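Asks: Turn this into a structure:
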Amino acid sequence: MEGWSRSGMLDKANAKREATGRGGASRDGSEVGEPRVERFVPRRNHDPEDLRSWAKSTGFVSVDSVASTTSADDDYEANKDHSGIDLEKGMGERGGSLSPKIEIDPVLGRARVNRSFEIEVDWVSKDAREGDDGGLGLRNDGVERHGIGNQDRGVDVQSALRFADEERRDEFVNRNGNPDGNWNANANANGHDFSAVAAATEPKKDENDGLGEMGINVFHDAEEPILGTHPRKYEVKCGIIDNLGLVPRTYYSLQQYLSLAGSLVFIPLVIVPVMGGTDKDMANMISSMLLVSGITTLLHSYFGTRLPLVQGSSFVFLAPALVIMNSEELRDLTEHKFRQIMRELQGAIIVGSIFQSILGFSGLMSLLLRLINPVVVAPTTMAVGLAFFSYGFPQAGSCVEISIPQICLVLIFTLHLRGISIQGHQVFQIYAVPLSIVIIWTYAFFLTVGGAYSYTGCSVNIPTSNILVDACRKHSFSMKHCRTDVSDALRTSSWVRIPYPFQWGIPIFKLRTSIIMIFISLVSSVDSVGTYHSTSLRVNSKPPTPGIVSRGIGMEGFCSILAGLWGTGTGSTTLPENMHTINATKVANRGAIQLGAAFLIFFSVVGKVGGILASIPQALAASVLCFTWALIVALGLSTLQYVQASSFRNLTIVGVSLFLGFSIPAYFQQYDPKSSLILPGYLVPYSAASSGPVRTGMKELDFALNGLLSINMVVTFFIAFLLDNTVPGSRQERGVYMWSSSEELSSDLASQENYAVPARLAGVFCWAKCLGL
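Replies: The predicted model follows:
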């Protein structure tokens, strides 16, 4: 029986091609030209479905595990030859060649340079696989094989496999005399007996198979995922829909919310003193914030995107709140200042939230997603954290004995001790903020008791304006920010108090503040879009569909309406810090998030909890916020992993948007020098709305434009949005977000269950296809 050598097989393949008139010499001896098969031509704006079909037809479908293999028969092993068909290097001196190693970019639809893995097919025997020549499978870059050239790249992989398949069929017929028997039972639907996509099947061996084994392995990078490649698989202790017992669910829920302590309750410590509120007002606002955060988290986990994300008062709304409360009309109030400012904030938040709800529930957000990419999200999120640099350490520096140890301790826990694990839990990294607060708060208590902030003849309870002694006036600021016994929030707060809507009064609606909050709600939506996409990858799920994203944005708008009704001072949105929490805890469980939300609702009713949190010294709170805002900047920066970070286009857009996003507001903030004589230095950047350079003759519009152009994140967003959508760039270079389609999500039952709303609600709103219901 004739042996299976490479040259013999190629001769017979060429003979078949000559007989069918596809190339070579004809039967009468006349010469016919070489086969002309069109090469793959890179093109842009391709249809991803066409690309996937092309990749599947050529056999180049990457999988994450070893594909099914087939073993060689005895005749093939006995007559093996060191020459064979290598689908990467071609057919050598025979003139025809096969496709080179190709890795298809699913975004651009063109071949790109292979990064760390390649799929190479080498038809050699099992014995050769045990020697120097690998088997039919993968090879490492740079390994040379004999007998193979790379001269012609005209014949594609499918043609070569078809020729080899026909040759094997003829050989089988010659030996068995049965052209229709076992051959058809052993042949694959692809026309050759190996599976191109079967990643999870076990290797099969059949005595009638005539080919050597084929393995397909994909060796992933250690890098973070880049859009258009296989996403990195993250370690997750428990997934979104895992059913946990009561004890582990309780533990994980407390763990999630304690790690977010700095983001959930510290905003009232910033705005209440500026609004002229009392310690009791601060305690009541913290309780209201806990209640709204619990309710909105439950709503989002059932009716929003359903990702395990905690909702809370956002720092995106903090800057415009400071702008509104520092207007000339409000900062000069003497009576009922706190309630008047709160009512105006409530009205502005409600109007802006209604706009966000319409944007989401109408499906308009699905259209806007086409224009929102990582190059836009990254600088916008970074500007949210950087916007408060004038408040951070200037407030913390009022008591360096507390602030510097607090900053150092939280950094040591988060960075230097992050690798220390206690019973499988990275305690220091997860509980960095609450642990450091407890330690430094105790340290500050001993400083207070020891008399470090006691001065002869000075009392902290006397207002600064009534202090007559210059020495006491000098130390009054330090005493109020450093002493742990200054606040009477714990003493004045009730044991049981249920926050209720309109507890501060009926909201006041004004055009100027409403315009500001409408634009802020748009920035908040952009911030949440980046969080949705990053979280979906972090929990090893498919990205949500545009309809699901719209549903989440619409639900965030509804939740912000609730925040406006209860009077939390800011809107409610998805906290970007969720990403850090999931990364540190390795927990992404929806049930744990929902149980933690129930705990927040319970603690909001216990008034003393708000009183304890309101008693945190101002310098200590400012120190924690320095870390929290820096973390938001880092999370925004991490969004650039989805784009070509070395691209001059992207670097320029991010750099210009950030620089102008701070330089342009600085011009508005410094336009009226009188503000620096009236307000503390850390509040001057938020006073430009009443004294900016814009003069249109309409006071309401002037206030809105001056206020918007003095807010860093707003200017940064619009510059990045304009440049990214006008400067040319490929989809891969821009890192365009790849959202799932409804068909893709329906084919993945696990991901579909992650995002699917409860069945009853889906039945009621089945008409709203734009919301992914």
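Asks: where does the protein have low pLDDT?
Replies: Low-confidence segments of the chain (pLDDT under 70): 1-232, 462-468, 760-773.
Asks: for it, which helix is longest?
Replies: For the chain, the longest helix by residue count, based on DSSP state H, is helix 511-538.
Asks: Tell me the buried residues in that one?
Replies: 512-538 (16 or more other CB atoms under 10 Å). The way it works is simple: take the backbone N, C-alpha and C, and place the C-beta from them, glycine included.
Asks: Ramachandran angles for V587?
Replies: When read as degrees, to the nearest 10, the backbone of V587 gives phi -120, psi 130.
Asks: Tell me which residues touch it, please.
Replies: By CB atoms under 8 Å, 6 or more residues apart in numbering, the contact set of V587 is 236-238, 252, 255-256.
Asks: neighbours of the nearest residue to it once chain neighbours are set aside, just the number please.
Replies: Once flanking residues are discounted, V587 sits nearest to Y252: 4.9 Å by CB to CB, 6 or more residues apart in numbering. Counted with other CB atoms under 10 Å, the neighbours of Y252 add up to 23.
Asks: And Y252, how far from T585?
Replies: Using CB to CB, to the nearest Å, we find Y252 at a distance of 7 Å from T585.
Asks: Need the residues touching each of these two.
Replies: Common neighbours of Y252 and T585, using CB under 8 Å, 6+ apart, do not exist here.
Asks: What ranges does the stretch 451-600 of the chain have for its strands?
Replies: For the stretch 451-600 of the chain, the strands defined by DSSP state E, counting those that start in this stretch occupy 572-574.
Asks: Which stretches in it count as helices?
Replies: Under the criterion DSSP state H, counting those that start in this stretch, the stretch 451-600 of the chain contains helices at 470-482, 489-492, 511-538, 546-566, 578-585, 590-605.
Asks: possible to save the ones you listed as CSV with distance to I653?
Replies: Supplementary listing: the helices of the stretch 451-600 of the chain in CSV, determined by distance: least, CB to CB, whole Å:
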stretch, distance to I653
helix 470-482, 40
helix 489-492, 46
helix 511-538, 15
helix 546-566, 23
helix 578-585, 23
helix 590-605, 35
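Asks: which stretch among those helices comes nearest S742?
Replies: The minimum distance between S742 and those falls on helix 546-566, with 7.4 Å, by CB to CB.
Asks: For the closest one, buried residues please.
Replies: Using 16+ other CB under 10 Å as the test for burial, helix 546-566 gives 546-566.
Asks: Keeping just the C-alphas, turn that helix into PDB.
Replies: Taking Å, rounded to 0.1, in the frame of the first residue of the first chain, the C-alpha atoms of helix 546-566 are listed here in PDB:
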ATOM      1  CA  PRO A 546     -27.500  49.000  24.300                       C
ATOM      2  CA  GLY A 547     -31.100  48.400  25.400                       C
ATOM      3  CA  ILE A 548     -29.900  47.100  28.800                       C
ATOM      4  CA  VAL A 549     -27.600  50.100  29.200                       C
ATOM      5  CA  SER A 550     -30.500  52.500  28.400                       C
ATOM      6  CA  ARG A 551     -32.600  50.600  31.000                       C
ATOM      7  CA  GLY A 552     -29.900  51.100  33.600                       C
ATOM      8  CA  ILE A 553     -29.500  54.900  32.800                       C
ATOM      9  CA  GLY A 554     -33.300  55.300  32.900                       C
ATOM     10  CA  MET A 555     -33.400  53.600  36.300                       C
ATOM     11  CA  GLU A 556     -30.600  55.800  37.600                       C
ATOM     12  CA  GLY A 557     -32.600  58.800  36.600                       C
ATOM     13  CA  PHE A 558     -35.600  57.500  38.500                       C
ATOM     14  CA  CYS A 559     -33.400  56.800  41.600                       C
ATOM     15  CA  SER A 560     -32.000  60.400  41.400                       C
ATOM     16  CA  ILE A 561     -35.600  61.600  41.500                       C
ATOM     17  CA  LEU A 562     -36.000  59.700  44.800                       C
ATOM     18  CA  ALA A 563     -32.800  61.300  46.100                       C
ATOM     19  CA  GLY A 564     -34.300  64.700  45.200                       C
ATOM     20  CA  LEU A 565     -37.500  63.900  47.000                       C
ATOM     21  CA  TRP A 566     -35.700  62.800  50.200                       C
END
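Asks: now it against helix 590-605, angle please.
Replies: Using axes from the mean of the first three to the mean of the last three CA atoms, to 10 degrees, the direction of helix 546-566 lies 10 degrees away from that of helix 590-605.
Asks: Now do the same contact list for A489.
Replies: 279-280, 282-283, 610-612, 614-615.
Asks: now G397
Replies: S403.
Asks: next one: Y455
Replies: Contact analysis of Y455 by CB under 8 Å, 6+ apart lists 471-472, 475, 479.
Asks: what about 6 Å?
Replies: Contact partners of Y455, counting by CB atoms under 6 Å, 6 or more residues apart in numbering, are H475.
Asks: my read: D279 touches S487, true?
Replies: Yes: in this structure, D279 is within contact of S487 by CB atoms under 6 Å, at 4.9 Å.
Asks: How many neighbouring residues does E329 have?
Replies: E329 sits with 12 neighbouring residues when counted by other CB under 10 Å.
Asks: name the element the closest residue to it other than its chain neighbours belongs to?
Replies: Among residues not flanking E329 along the chain, S690 sits closest, at 7.7 Å (CB to CB, 6+ apart). For S690, there is no helix or strand it lies in under DSSP states H and E.
Asks: Pretty sure S690 sits against E328.
Replies: Yes: the criterion here is CB under 6 Å, and S690 meets it with E328 at 4.2 Å.
Asks: Looking at those two, which is more packed in?
Replies: Set S690 next to E328 and count neighbours by other CB under 10 Å: S690 wins out with 19 against 13.
Asks: give me phi/psi at that one?
Replies: Backbone torsions of S690, given as degrees, to the nearest 10, read phi -90, psi -10.
Asks: Then W739?
Replies: When quoted as degrees, to the nearest 10, the phi and psi of W739 stand at phi -80, psi 150.
Asks: Tell me how many other residues surround it.
Replies: 22.
Asks: quick thing: my sequence starts at 39, can you match it?
Replies: With the count now opening at 39, the last piece we talked about shows up as W777.
Asks: Any figure for the gap between it and L787?
Replies: Counting by CB to CB, the gap from W777 to L787 is 19 Å.
Asks: can you check I749 too?
Replies: Separation of I749 from L787 (CB to CB): 44 Å.
Asks: which of the two has more neighbours?
Replies: I749 (29 against 10).
Asks: Just list the residues touching that one, thanks.
Replies: A357.
Asks: cutoff 8 Å now
Replies: Here I749 is in contact with 357-358, 361, 425, 558, 703 (criterion: CB under 8 Å, 6+ apart).
Asks: swap in I468?
Replies: Contact analysis of I468 by CB under 8 Å, 6+ apart lists 293, 296-297, 619, 622-623.
Asks: how does it look with 10 Å?
Replies: For I468, the contact set (CB atoms under 10 Å, 6 or more residues apart in numbering) comprises 293-294, 296-297, 451-452, 456, 618-619, 622-625.
Asks: Is it possible to mark the buried ones in those residues?
Replies: For the contacts of I468, a burial check counting by 16+ other CB under 10 Å picks out 293-294, 296-297, 451-452, 618-619, 622-625.
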